[in-house]
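Build me a model:
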Amino acid sequence: MAQDFHSRAGGIADKADLRRAWAEALCYALGQCHARDAAAICAAFLAERETGGPALAAQDRLSVGDARWWADIAPPHELVAYGMAALDRLRGTALAPTTRKKLFVSLWESFSDAERLRFVQRIDPEGLVIRRNHD
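The predicted model follows:
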């Protein structure tokens, strides 16, 4: 079946288009499964790709280069888990304002222009984020 799809994909212009077609086919196939079966398939897929997180370097310090290398190979669900845990941990840590600004700018730059605009529109006059039910 996969070979059949691949041969029919011969008209797809480039690898990005092929990847998008495979992703759409996967989403469709998962949607046709029973929810528990789809969840089991996804969990198994993600479990096979877990990296175990970043290893500690000499003297229990993780270098920026090591962290970037790990981030390059980590699947998205691990990046989100470690990123959110790190941000939670940093909340109570004494950091210079410039360091906090670097973190914020890094996150900010990951948003599209439209996402940035939607976010800014949710800041009230006192500077607080207006929360919604799905936040």
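
Going by C-alpha atoms from here, please, whenever you check contacts or count neighbours.
OK.

what's the next secondary structure element after the worst-scoring helix or strand of the chain on mean pLDDT?
Sorted by mean pLDDT, DSSP states H and E, the helices and strands of the chain end with helix 2-8, the least confident at a mean of 52. Past helix 2-8, further along toward the C-terminus, the next helix or strand under DSSP states H and E is helix 15-32.

Now do the buried residues in the next helix or strand after that next one.
Using DSSP H and E, the helix or strand that follows helix 15-32 in sequence is helix 35-48. Of the residues in helix 35-48, A38 count as buried by neighbour count, 16 or more other Cα atoms under 10 Å.

How far away from the center of its chain is helix 35-48?
17 Å (Cα atoms, centre = their mean, to the nearest Å).

hmm, who's touching it?
L30, G31, P75 (Cα atoms under 8 Å, 6 or more residues apart in numbering).

Any quick PyMOL command for the buried ones out of those residues?
Selecting only the buried entries of the contacts of helix 35-48 in PyMOL, with 16+ other Cα under 10 Å as the criterion:
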select buried, resi 30
